[in-house]
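Enquirer: Sequence first, then the predicted structure:
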Amino acid sequence: MFFVWLKRYMPRGIYGRAALILLLPVVILQLVVTVIFAQRNYEGVTHQMTDTVLREVALVLDVAAQAPSVDQIAPLVRQNLAPLQMQVTPLPTDAVPQGNKLTWYDYSGRVMIKRFQDRLPGFQTLDLIQPGRVELVTLTDLGPIRIGFDRRRISASNPHQLFVYTFVFGFLMTLISFVYLRNQLRPIKRLARAAEAFGRGRHVPYSPSGAVEVRAAGNAFVDMRARIERQIEQRTLMLSGVSHDLRTPLTRMRLSLAMLEDDEAGPLLQDVDDMQRMLDEFLDFAKGAAEGEPEKLDPRALMTAAVAEAQRAGRNVTLLPFEGDGTGMVRLRKTAFLRAVDNLISNAVRYGTRAEVSVLLTDKTLRVRVEDDGPGIPADRRIEAARPFSRLDPSRNQNKGGGVGLGLAIATDIARAHGGVLRLGASDTLGGLRADIVIAR
């Protein structure tokens, strides 16, 4: 529970998480090595070299103490300590620099300054700004002096080499690991794409590859997809066959009724029409979303045509102004999607007096909403209403006849085949049922 708050900062993709698992130990290891080297090795070497220079500076101060005047310090040091190669310059008291001078990244300079402050009496400042040069200002009995010498005598040469090697080789190893990791994760991504496409009603060629575990998951997916496709095919063939076989006796009944008087044949013809409509719904349900291939369509133009067709059929339906700032096309199965919207419009005008259709298109989502002014569906029965052959006529208007209970089920299947969902709710504007088909782009 303590690490729950970390989830919001974790990468969501498998590449990002694998990269984090790979990089985090490498970065921590490099930081630990850098800190240990800086404290134990680099700092220790700097201390030793600084102590050596401190002893040489002590010799210079001893010689300076023997000079009769401040002007004689420099010649006397050159005469007695020439091998030390230290340049000594007297300084006026008002010319002593204020504060030490060094760059922000000069770690060894900070170590040296602290060492001089601890072990050199009379230490004033240390100037490390000039490349390869050290300027030390210290006090003597005759006044302040500046002692200059080579930077290489007090700090290790090329101290950055270890850091450069560490980061360069660490980067190279990370790059190699990324290439290998990408090859290992590619089969997982292919499996995810195939599963996502199958969930949207598309069959993408897929052959298992990769590690043993990934191959096992891929084979299981292929077997599952084959079983589902066989089941869908058998259901489609069964319902299509039954519905098709029933059309023949219905046609004979219609012909026989046509020979009777209108008063006697009217109710029976209405029953035959109801049976014909039920068979049509069976066929639509059997077809599902399998009709046609996904194609890029303009959802606004598609819904304009669907509403116009419904209005020509005599339905009281209105298309509201389009919403959202999304542009471009959406991959849809035209025939199946129009059937889903037509079912929702038919239900709306069947159980109400009018319907309204609205379209919301954003960069990520397409939403087609159909609302009516009918009695609606209770919240606790909306899941049941979307199931096949579910009839809620006691809570709906029966003035226009009953149904088979497949209208919402067909719309639900088509929405799922497009990778979306059908949501039922209460209309805020008309007071009846609100049905939303929401599809991710």
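Expert: That came in fine, so what should we check first? Numbering: from 1, shown residues only.

Enquirer: C-alpha only now, for contacts and for neighbours.
Expert: Noted.

Enquirer: Which residue ranges of the chain form strands?
Expert: 87-90, 123-127, 133-140, 143-150, 295-297, 317-319, 330-332, 355-361, 365-372, 420-426, 433-440 (DSSP state E).

Enquirer: In terms of pLDDT, where does the nearest residue to Gln311 once chain neighbours are set aside sit?
Expert: Excluding the flanking residues, the one nearest Gln311 by C-alpha to C-alpha, 6 or more residues apart in numbering is Val317, at 6.4 Å. Listed pLDDT for Val317 reads 93.

Enquirer: Over to Ala286?
Expert: Listed pLDDT for Ala286 reads 64.

Enquirer: show me what contacts the closest residue to Val45 other than its chain neighbours?
Expert: Distances taken as C-alpha to C-alpha, 6+ apart put Ala156 closest to Val45, at 7.1 Å, once the chain neighbours are dropped. Residues in contact with Ala156 (C-alpha atoms under 8 Å, 6 or more residues apart in numbering) are 42, 45-46.

Enquirer: Rebuild those residues as JSON lines, extending it with pLDDT.
Expert: Below are the contacts of Ala156 laid out as JSON lines (pLDDT from 0 to 100):
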{"residue": "Tyr42", "pLDDT": "75"}
{"residue": "Val45", "pLDDT": "83"}
{"residue": "Thr46", "pLDDT": "85"}
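
Enquirer: can you redo those as TSV with distance to Ala385 and neighbour count?
Expert: Shown next, in TSV, are these (distance: C-alpha to C-alpha, whole Å; neighbours: other C-alpha atoms under 10 Å):
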residue	distance to Ala385	neighbour count
Tyr42	75	20
Val45	81	17
Thr46	81	20
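
Enquirer: Closest one of these to Asn80?
Expert: Set against Asn80, the nearest of the contacts of Ala156 by C-alpha to C-alpha is Thr46 (27.0 Å).

Enquirer: What distance do you get for that closest one to Val60?
Expert: Distance from Thr46 to Val60, counting by C-alpha to C-alpha, to the nearest Å: 21 Å.

Enquirer: Likewise for Leu22?
Expert: Distance from Leu22 to Val60, by C-alpha to C-alpha: 55 Å.

Enquirer: For those two, indicate the residue with more neighbours.
Expert: Counted by other C-alpha atoms under 10 Å, Leu22 and Val60 do not tie: Val60 has more neighbours, with 23 against 15.

Enquirer: mind listing what the more buried one touches?
Expert: Counting by C-alpha under 8 Å, 6+ apart, Val60 touches 77, 81.

Enquirer: And for Ala340?
Expert: Shown in contact with Ala340 (C-alpha under 8 Å, 6+ apart): 407, 410-412, 414-415.

Enquirer: what's the neighbour count on Val32?
Expert: 12.

Enquirer: Distance-wise, check it relative to Met303.
Expert: 62 Å.

Enquirer: closest one to Asp342 among the strands of the chain?
Expert: Checking the strands of the chain against Asp342 by C-alpha to C-alpha gives strand 365-372 as the closest, at 9.9 Å.

Enquirer: List the residue ranges of the stretch 151-300 of the chain that fall below the pLDDT cut-off.
Expert: 157-160, 239-240, 243, 261-264, 281-292 (pLDDT under 70).

Enquirer: returning to what we had before: which ones among the contacts of Ala340 lie within helices?
Expert: 407, 410-412, 414-415 (DSSP state H).

Enquirer: pretty sure Arg17 contacts Met10?
Expert: Yes: between Arg17 and Met10 there is a contact at 7.3 Å, judged by C-alpha atoms under 8 Å.

Enquirer: Which parts of the stretch 151-300 of the chain are helices?
Expert: Counting by DSSP state H, counting those that start in this stretch, residue ranges of the helices within the stretch 151-300 of the chain are 161-199, 212-258, 262-287, 299-312.

Enquirer: Let me know the angle separating the longest one from helix 161-199.
Expert: Here helix 212-258 runs at an angle of 20 degrees relative to helix 161-199 (axes from the mean of the first three to the mean of the last three C-alpha atoms, to 10 degrees).

Enquirer: Now do helix 212-258: which elements does it pack against?
Expert: Applying 3 or more C-alpha pairs under 8 Å, 6 or more residues apart in numbering; DSSP states H and E, one finds that helix 212-258 contacts helix 161-199, helix 262-287.

Enquirer: ditto for the shortest one
Expert: Packed against helix 299-312, as judged by 3+ C-alpha pairs under 8 Å, 6+ apart, are the following elements: strand 317-319, helix 334-351, strand 355-361.

Enquirer: and with 7 Å instead?
Expert: strand 317-319 (3 or more C-alpha pairs under 7 Å, 6 or more residues apart in numbering; DSSP states H and E).

Enquirer: next one: the strand it packs on to chain centre, how far?
Expert: Distance of strand 317-319 from its chain centroid, counting by C-alpha atoms, centre = their mean, to the nearest Å, is 38 Å.

Enquirer: same deal with stretch 355-374?
Expert: 27 Å.

Enquirer: Can you give me the end-to-end span of it?
Expert: 9 Å.

Enquirer: do stretch 116-132 as well
Expert: First-to-last residue span, stretch 116-132, C-alpha to C-alpha: 18 Å.

Enquirer: Not counting its own residues, what contacts it?
Expert: Identification of contacts with stretch 116-132 by C-alpha atoms under 7 Å, 6 or more residues apart in numbering yields 97, 99-103, 113, 134-139, 150-152.

Enquirer: top of those residues by neighbour count?
Expert: Val137 (24 neighbours).

Enquirer: got a list of what the residue lying closest to that one once chain neighbours are set aside touches?
Expert: The shortest distance from Val137 to any non-neighbouring residue, by C-alpha to C-alpha, 6+ apart, is to Arg146 (4.5 Å). By C-alpha under 7 Å, 6+ apart, the contact list for Arg146 reads 88-91, 135-138.

Enquirer: do that again at 8 Å, thanks
Expert: 87-91, 135-138.

Enquirer: One more: Lys114?
Expert: So Lys114 contacts nothing (C-alpha under 8 Å, 6+ apart).

Enquirer: With Arg78 instead?
Expert: Shown in contact with Arg78 (C-alpha under 8 Å, 6+ apart): Gln87.

Enquirer: again, only this time at 10 Å
Expert: Counting by C-alpha atoms under 10 Å, 6 or more residues apart in numbering, Arg78 makes contact with 60, 63, 84-88.
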